[in-house]
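**Q** Quick check, what structure comes out for this input:
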Amino acid sequence: SASASAAAFLPSVASFSGFVGVGCARGVDQLVRSAFPSALVFRVQPPVSRASFAQRSARLVRWVAASSGLLVVFPSAACPAGVAPSASFRGFGSGSWGSAAFALGLGVPVLLFVPSALGSAFPAPPALACRFRLAGSVVGGSWWLGS
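**A** Residues are numbered from 1 along each chain as shown. Next up, the predicted model:
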């Protein structure tokens, strides 16, 4: 559902001429790389481990922060317990939610799409959910803005 949501969103930003950063994963990242071939791609550095994926996500979020940008997130599952805004990356197994929480901890605004399949409430612990407000609903889910 995250890839379908991203595929529906990308045409609305196709004319964006600013800088785009994206991860190296399949799915949503791959769709963004296709839509923005000149995007700066943040890759997992060897040796490949859970920590190297978190480090890749943290590098991307720091780049967004340094660029005074907006982090756009398409999570595919509810947020793990324990994820909260922080000045360090702590995703508890979720790169999407960890990136959103890290971005908020650094003062970076976050636009997050919650697919309908995750329910009508914001699917995150209170410490993170309280930082988001509903920005709009569309077929398939809702947009939330975090600051």
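
**Q** Scan the chain for its longest helix.
**A** Secondary structure assigned by DSSP state H gives helix 50-66 as the longest helix of the chain.

**Q** For the protein, name the helix or strand with the lowest mean pLDDT.
**A** For the chain, scoring each helix and strand by mean pLDDT, DSSP states H and E identifies helix 2-9 as the least confident one, at a mean of 87.

**Q** what does the helix or strand following that helix rub up against?
**A** Where DSSP states H and E defines the elements, the next helix or strand beyond helix 2-9 is strand 21-23. With contact meaning C-beta atoms under 8 Å, 6 or more residues apart in numbering, strand 21-23 is reached by 29, 32-33, 36, 39-42, 56-57, 60, 63-64, 67, 69, 95. Where you see a C-beta, it was placed from the backbone N, CA and C, and this is true even at glycine.

**Q** Check the average confidence over the helix or strand following strand 21-23, would you?
**A** Sequence-wise, the next helix or strand downstream of strand 21-23 (DSSP H and E) is helix 28-35. Here helix 28-35 scores 94 as its mean pLDDT.

**Q** so what does helix 28-35 touch, helix or strand wise?
**A** Counting contacts by 3 or more C-beta pairs under 8 Å, 6 or more residues apart in numbering; DSSP states H and E, helix 28-35 packs against helix 2-9, strand 21-23.

**Q** How far away from the center of its chain is the host helix or strand of residue 128?
**A** Here residue 128, judged by DSSP H and E, is contained in helix 126-129. Put simply, helix 126-129 sits 16 Å off its chain's centre (C-alpha atoms, centre = their mean, to the nearest Å).

**Q** what does it rub up against?
**A** 79, 83-85, 97, 100-101, 104, 122.

**Q** same thing with stretch 105-115?
**A** Contact with stretch 105-115 is made by 1-2, 4-6, 9, 61-62, 64-65, 69-76, 85-88, 100, 103-104, 122-123, 132, 135, 140-147, as judged by C-beta under 8 Å, 6+ apart.

**Q** Done for today, thanks.
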